[in-house]
Structures are given as C-alpha cells and as structure tokens.
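>>> Dropping a prediction and its sequence here:
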Amino acid sequence: MSTSDTDSATPRRNFYGRLKGKTLNARQQQDFNEVLPKYLLDHVSREDNPDRTLLDVDRIRDGRPLWLEVGFGSGEHILHQAKANPDVLIIGCEIYVNGVASLLGKIRREGVTNIVIHPGDARDLLDVLPENSLDKMFLLYPDPWPKARHHRRRFVTPEHLDPLAEKLKSGHEFRVATDIEDYVRQTLEEVPPAGFTLTENPDDLSTAWDDWFSTRYEQKALREGRAPHYMTFIRT
C-alpha cells in the first residue's frame, strides 16, 4: 500500500470516548498556546499529513531510544519516566484535552525536555511511525469499555495491536496495566497472537515493575477495592 494513497491509507475512523472535560482555565490555555508548540510531534494528524508520509524518526530521536505511552492521562507516569530516563525520548499520546493540559503544566513546572506530544488519536500516530522504530511501549489503565458490545473499542484489538507490532522492535517491551479483570482476559487473549509473548505467570500479575509510578488513578482503584494487574509482553 502506498503511503500517498489517501483513499486506502487513511480510512475514515470513528473515535469513541470523551474529548474534553471542564473548560480550561487561563493558565492551561496559555500552556496550550505557549508550551504545546515546543513539544508537539509534527506531521502526525491527517490535516497536517494527509498523505501519511512516514516520520523521520532518526531526526526526532537524535540517537536516543524512543518510547511511546498511549493514553497518558494526567501525565504522571510519563513525566516520571522522562525524569528517570533523561537519555530517552518519550512520545506521549492523549486525545483528552484536559489530560494534555495537565501534562503541559507538569512539563512547564519541571522543565522536562525529553517528551514530545501527539494530542490526538493513537491510530494516526501508528500510521506514520516507521517499522521497528519503538524501543518500549506503555498502555496504562486504558478506557475499559465495560459493556460487552463495546469491547471492540478497546486498545487491545487487532486494529491497534497489528500496527503496534510492526512499530515495536523485536525483543522489546510492551507494558499493560489495568484494574479491570475482563480487560486482563482480553489482553491475554488478543496480544500474543499479534506477535508478543507474556513474560509473567498469567495466574500472578500482581507485581508492579521496579520503575513503576503509581498514579492517582491506580490509587483510586486500590481504595475502591480493584486490584491492579501488570503485564509485560515481549515482541517476538
């Protein structure tokens, strides 16, 4: 398929989920105007790159390992990883406007420079990443879509996993965390056939990673009695 064949390479996609919550305050709007342009990953959206030309990842990474976090929420984990790994460049992907605003405020206050942001659909980003360009990928507490008829909207479906498998280097990690039992079930069913191997015992997924940062969402889940599950898959 040609990346310039827009009729076949860029099919119309539906997006389900919340795009925006409370109205941004003046400081958050200022961050969108002044901070986001400095950290924006260019040429990802369909408006800016209708031909779906692949990104020049070598230029973007500048010799650094390239990680991706899909759905970074309020940005606590991605900020933690960026500070702990200053020699790594991390792409943060989040379509929820208020979540992007939260991360921008953290970046401004902390002065972190090794994050780039795609404030949009992860599928658009996966369209334009070259094969074997990612060194690590995080999917942390994704939208659970609890109703059975909505399970096809979950990230752990072939629509997302097949392109992800092409972008993640062989032998490298794809981490998934969730507090939803049925999401664990679907993850264990759908991820391995896409070209991944689970490293843990599937009957014991309770041990967090050594470099894990427990987010506010996870703390809320714990207070409400939902147990976190941590899964590490290796691209095979």
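That came in fine, so what should we check first? Residues are numbered from 1 along each chain as shown.
>>> would you say R123 is within a strand?
No: counting by DSSP: H, G, I helix; E, B strand; the rest coil, one finds R123 to be helix, located in no strand.
>>> Strands of this structure, start to end?
Taking DSSP state E, the strands of the chain run over residues 66-70, 89-93, 115-118, 134-140, 168-178, 196-198, 229-235.
>>> Longest helix in this protein, please.
When the chain is parsed with DSSP state H, its longest helix is helix 97-110.
>>> partner residues bridging the residue minimising distance to the centre of the chain?
Centroid-nearest residue in the chain: V70, 0.8 Å away (criterion: CA atoms, centre = their mean). Under DSSP bridges, the beta-bridge partners of V70 are C93, L139.
>>> List the residues that contact it.
C93, A122, M137, F138, L139, P142, F155 (CB atoms under 8 Å, 6 or more residues apart in numbering). Backbone N, C-alpha and C define where each C-beta goes, glycine included.
>>> from those, which is closest to A84?
Nearest to A84 out of these is F138 (CB to CB; 13.2 Å).
>>> returning to that earlier point: just tell me which of the strands of the chain ends up closest to V100.
Closest of the strands of the chain to V100 is strand 115-118, at 6.7 Å (criterion: CB to CB).
>>> so what secondary structure elements neighbour that closest one?
helix 36-39, helix 76-84, strand 89-93, helix 97-110 (3 or more CB pairs under 8 Å, 6 or more residues apart in numbering; DSSP states H and E).
>>> So what touches that strand?
Contacts of strand 115-118 (CB under 8 Å, 6+ apart): 36, 39-41, 44, 60, 78-79, 82, 89-94, 100, 103-104, 107, 124-125.
>>> What subset of those is buried?
The neighbour-count test (16 or more other CB atoms under 10 Å) marks 36, 39, 41, 44, 60, 78-79, 82, 89-94, 100, 103-104, 107, 124-125 as buried among the contacts of strand 115-118.
>>> who touches the residue of the chain positioned farthest from its centre in this structure?
Most distant from the centre of the chain: A26, at 27.0 Å, with distances by CA atoms, centre = their mean. Applying CB under 8 Å, 6+ apart to A26 gives no contacts.
>>> What are the phi and psi values at V156?
Phi and psi for V156, reported as degrees, to the nearest 10, are phi -80, psi 60.
>>> surely it meets L188?
No: using CB atoms under 8 Å, V156 makes no contact with L188, being 9.1 Å away.
>>> okay, those two: which has more neighbours?
V156 (24 against 17; other CB atoms under 10 Å).
>>> Provide a list of residues in contact with the closest residue to D135 other than its chain neighbours.
Take D135 and drop its neighbours on the chain: the residue closest to it by CB to CB, 6 or more residues apart in numbering is P65, 4.0 Å away. Contacts were defined as CB under 8 Å, 6+ apart; by that measure P65 touches D87, V88, L89, D135, K136.
>>> Could you give the backbone dihedrals for the first one?
It stands for D87. Dihedral angles (degrees, to the nearest 10) for D87: phi -90, psi 10.
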